[in-house]
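Engineer: Predicted model and sequence below, questions to follow.
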Amino acid sequence: MTVQDIRSFNRFYTGLIGALDYGRHLYAPYTLTEARVLYELAHADSLDAADLRGRLGLDAGYLSRIMNRFEEAGLIARGPSRSDPRRRRVTLTARGRETAALLDERAQDTVGALLDRVAPGDRPRLGEAMRTIQDILGEGERPEESVELREPRPGELGWIVQRNAALYAAEYGWNTEYEGLVARIVADFAEDHDPHLERVWIAELAGRPAGCVMCVRDEAPGTARLRLLLVEPEARGHGLGDRLVRAVIDFARGAGYRDLVLWTNDVLGSARRIYQRHGFVLVTEKPHRSFGRDLVGQDWRLELHEPGG
């Protein structure tokens, strides 16, 4: 695989999409970026400018111009956030939802036209090739099909302890010291927690637990702590890690926390990339001997309420 291989594929694919869209005006009268903003707003209960910037990687000034245009066209309404009046909540109006639905219908028709050109026997191979590209170039994330985030059922707090201990032993060689730590974290939550300020999520895939994460109060005032993010190996590539972290961020923000922090270790590269994608910043790191291994512990922080956001 070379740079030229990737550039050649890009030229082919953009040419293919351009041919499919010829005469269809897929996003008209909007740009591709504007269509992406409408899509995000149509698939979320509530977002603000900071959320959109983070999800789409947009410049603040560029996004502000898009928002102004949408508001003038009657596509969106902006108001103060319920959790922080310094932030501006953005929602689609009825006209905005109709516009987003029209663009989505056009996209569905375009993709349908592409699939019509593929022989039925070749479609599984094409789908697998697409998933492979997403897995390798997209941090192992795939579309979030058949995924449900829910509260733990009886017995599943124990599942969190068991799966953390087994997976970290298998993948990193950590000893039972880590299992003891997880057991204490889970026991503390089970025995005493405020459901308005603390929560556990189980990610269910195809009817079975496939991941988990916790949000608990930190010792520092106004600060929440993300703990015990885990995704089963066979469930990786479905976007569970991103969905679990996003659930914690949204919950912590809605609960009124100012900051969200977490502690991890530098060997956990996949988890660290998820945290970075959601805006966490490395604060400190320090070598330590734990769980039978020499590790480098890291403290990460996310400011939940940005002034002027």
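Structural biologist: Yep, it's here. Numbers count the residues shown, from 1 in each chain.
Engineer: which sections of the stretch 101-250 of the chain are below the confidence cut-off?
Structural biologist: Residue ranges of the stretch 101-250 of the chain with pLDDT under 70: 131, 134-136, 138-146.
Engineer: all helices for it, in order.
Structural biologist: 123-137, 156-172, 176-191, 240-254 (DSSP state H, counting those that start in this stretch).
Engineer: got those as CSV, with distance to residue 219 and mean neighbour count columns?
Structural biologist: For the C-beta atoms, the positions are set from N, CA and C on the backbone; glycine is no exception. Output for these, formatted as CSV (distance: least, C-beta to C-beta, whole Å; neighbours: other C-beta atoms under 10 Å):
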stretch, distance to residue 219, mean neighbour count
helix 123-137, 38, 12
helix 156-172, 22, 16
helix 176-191, 13, 15
helix 240-254, 15, 21
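Engineer: so can I have TSV of the ones you listed showing distance to residue 212?
Structural biologist: TSV is the format used below for the helices of the stretch 101-250 of the chain (distance: least, C-beta to C-beta, whole Å):
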stretch	distance to residue 212
helix 123-137	22
helix 156-172	5
helix 176-191	10
helix 240-254	7
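Engineer: out of those, nearest to residue 93?
Structural biologist: helix 240-254 (22.3 Å; C-beta to C-beta).
Engineer: which is the next helix or strand following that closest one?
Structural biologist: strand 259-265 (DSSP states H and E).
Engineer: Tell me the helices and strands packed up against that following strand.
Structural biologist: strand 223-231, helix 240-254, helix 269-277, strand 293-303 (3 or more C-beta pairs under 8 Å, 6 or more residues apart in numbering; DSSP states H and E).
Engineer: Please name the strands paired to the first one in the sheet, noting orientation.
Structural biologist: Paired with strand 223-231 in the same sheet, following DSSP bridges, are strand 208-217 (antiparallel), strand 259-265 (parallel).
Engineer: now swap in the last one and tell me
Structural biologist: According to DSSP bridges, the neighbouring strands of strand 293-303, each with its direction, are strand 259-265 (antiparallel), strand 281-290 (antiparallel).
Engineer: Give me the contact list for the shortest one.
Structural biologist: Going back to what we said before, that points to strand 259-265. 215, 218, 220, 222-227, 248-249, 252, 271-272, 275, 280, 283, 295-304 (C-beta atoms under 8 Å, 6 or more residues apart in numbering).
Engineer: List the buried residues of it.
Structural biologist: Buried positions in strand 259-265, judged by neighbour count with 16 or more other C-beta atoms under 10 Å: 259-262, 264-265.
Engineer: May I see the strands paired with strand 223-231 arranged in JSON lines, with distance to residue 100 as well?
Structural biologist: Below are the strands paired with strand 223-231 laid out as JSON lines (distance: least, C-beta to C-beta, whole Å):
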{"stretch": "strand 208-217", "distance to residue 100": "29"}
{"stretch": "strand 259-265", "distance to residue 100": "30"}
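Engineer: Thanks a lot, see you next time.
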